[in-house]
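Participant: turn this into a model:
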Amino acid sequence: MEENTNGVGVDENSQNLPQQVKTEATIEQKEEIKQEKPRIEEKQPKEKKNYVLPFVTSETYSKHYKKFLLLWVIICLLIIANLFYMYSTTGDVMRKDVSLTGGTTISIYGNSLPNVNELSNYLSNKISEEVFVRTLNDITSGKQVAVIVETKADANLTQNAIEQFLGYPLTSDNSTIEVSGSNLSSSFYKQLIIALLISFLFMGITVFIIFKAPVPSLAVIQCGLFDVLGALVIANIFSLRVSTAGIAALLMMMGYSVGTDILLTTKVLKRRGENTIDYRMKSAFKTGIIMTLTSLVAVLLAYFVVTSPVLKQIFFILSAGLVMDVVGTWVGNAAIIKWYCDKKGYN
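Facilitator: Numbers count the residues shown, from 1 in each chain. Below you'll find the model as predicted:
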């Protein structure tokens, strides 16, 4: 207790009371602010990342798109190297069956069919030419109905070797024999290649008329060529012998490839007033990748369901081409279009 000038006693605690109240209020306010701050942060929406490619944001792609272009160039060089190696070792860029090279095809029917591996080993020792032996199954039941032998060797020599292995003669009741001349098959193969080149030519003219710019047009054409050659490389890796049906599948693949590339180029160049380039590329990617993946799933299911060798080859080449189309369109062509827009100053 202290005494003031007027002689009235004053308690020390009463002088400090307002300050203590103020301090306690301040502490309570700080605690309330700390409790409310997380609530405010929770209410703020999280920033949504803008993806141009899978796991690649717009910012990352804009900074490093030239690296994606370099990756695509490396893949192109590997494709060319594989085709060059095939040509130097086999004389062609792909393995062709007798429908493209000419030769003999003998189909063996009956209840007791020979073992494929045993027959193949036996004929390989008897015939100097390369021999391919495969089974033919029923589409509905999957039951083996025939054994097919394909070779470039003479038909009589091949027939005699098969009869020696079977122990009974081949007749019209238990077999069929087809012989195609090498000149006819070679001529047919050349006509298919010419048809493929003409398709590329008219496709290029059409694309140039649409976009009226050489770089985007060439980017679309090269991507179609990339898909076709890439599918051939995958066929070579899996030792697939391409037939006339395989060439038809390559033509189909080229047409599909152009569709996704035109989608990308149209979205980016023809709609320049709609948001940014990265946004338009993202929009094109969403549509294009759904188209490609849907087709790929359907083709792969068909490949594992069907038993016909011709259909299997078509579906295999289409599957390989669709995989290459993802790389060619969204890694190679997308980077070219991005580079072109930067050079032209397009937004």
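Participant: buried residues, stretch 90-105. List them.
Facilitator: For stretch 90-105, burial by neighbour count (16 or more other Cβ atoms under 10 Å) applies to 93-105. Yep, even glycine has a C-beta here, placed from its N, CA and C like the rest.
Participant: which residue ranges of the protein form helices?
Facilitator: Assigned by DSSP state H, the helices in the chain fall at 12-43, 58-90, 98-101, 116-126, 155-166, 182-211, 214-237, 244-269, 277-305, 309-327, 334-344.
Participant: so which of those helices gets nearest Val147?
Facilitator: Among these, the nearest to Val147 by Cβ to Cβ is helix 116-126 (6.3 Å).
Participant: CA atoms of the closest one as PDB?
Facilitator: The C-alpha coordinates for helix 116-126 follow below in PDB (Å, rounded to 0.1, in the frame of the first residue of the first chain):
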ATOM      1  CA  VAL A 116       4.500 -77.800 -85.800                       C
ATOM      2  CA  ASN A 117       8.000 -77.700 -84.200                       C
ATOM      3  CA  GLU A 118       8.800 -81.200 -85.400                       C
ATOM      4  CA  LEU A 119       7.700 -80.600 -88.900                       C
ATOM      5  CA  SER A 120       9.600 -77.300 -89.000                       C
ATOM      6  CA  ASN A 121      12.800 -78.900 -87.900                       C
ATOM      7  CA  TYR A 122      12.500 -81.700 -90.300                       C
ATOM      8  CA  LEU A 123      11.800 -79.500 -93.300                       C
ATOM      9  CA  SER A 124      14.600 -77.100 -92.400                       C
ATOM     10  CA  ASN A 125      17.000 -80.000 -92.800                       C
ATOM     11  CA  LYS A 126      15.500 -81.200 -96.000                       C
END
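Participant: now do it: everything it contacts.
Facilitator: Contact with helix 116-126 is made by 131-135, 147, 149, 151, 158, 161-162, 164-165, as judged by Cβ atoms under 8 Å, 6 or more residues apart in numbering.
Participant: I'd like those as CSV, with distance to Ser199, neighbour count and pLDDT appended.
Facilitator: Listed next are these as CSV, based on distance: Cβ to Cβ, whole Å; neighbours: other Cβ atoms under 10 Å; pLDDT from 0 to 100:
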residue, distance to Ser199, neighbour count, pLDDT
Val131, 34, 23, 87
Phe132, 29, 17, 88
Val133, 35, 23, 88
Arg134, 30, 14, 86
Thr135, 34, 13, 84
Val147, 37, 22, 88
Val149, 34, 26, 89
Thr151, 32, 23, 87
Thr158, 36, 26, 89
Ala161, 41, 22, 90
Ile162, 40, 24, 90
Gln164, 47, 11, 90
Phe165, 44, 15, 90
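Participant: now, which of those residues sits nearest Asn183?
Facilitator: Asn183 lies nearest to Thr151 out of the contacts of helix 116-126, by Cβ to Cβ, at 17.6 Å.
Participant: how is this structure divided into domains?
Facilitator: Annotated domains of the chain cover 55-96+184-344, 103-180 [automatic domain parsing].
Participant: gap between Val145 and Leu78?
Facilitator: According to Cβ to Cβ, to the nearest Å, Val145 stands 41 Å off from Leu78.
Participant: could you check which of those two has the larger neighbour count?
Facilitator: Under the criterion of other Cβ atoms under 10 Å, the comparison of Val145 against Leu78 puts Val145 first, with 16 against 12.
Participant: so who does that one touch?
Facilitator: Tyr109, Leu136, Asn137, Asp138.
Participant: now the last one: closest residue in space that isn't a chain neighbour?
Facilitator: Read it as Asp138. Of all residues not flanking Asp138 in the chain, Val145 sits nearest, at 5.3 Å (Cβ to Cβ, 6 or more residues apart in numbering).
Participant: over to the second one?
Facilitator: Nearest residue to Leu136, sequence neighbours excluded (Cβ to Cβ, 6+ apart): Ala146, at 4.0 Å.
Participant: what is the burial count for the nearest residue to Thr265 once chain neighbours are set aside?
Facilitator: Closest residue to Thr265 apart from its sequence neighbours, by Cβ to Cβ, 6+ apart: Pro216 at 5.0 Å. By other Cβ under 10 Å, 25 other residues sit near Pro216.
Participant: go on, Glu118?
Facilitator: Other residues within reach of Glu118, judged by other Cβ under 10 Å, total 11.
Participant: against Ser124, how distant is it?
Facilitator: In this view, Glu118 and Ser124 are 11 Å apart by Cβ to Cβ.
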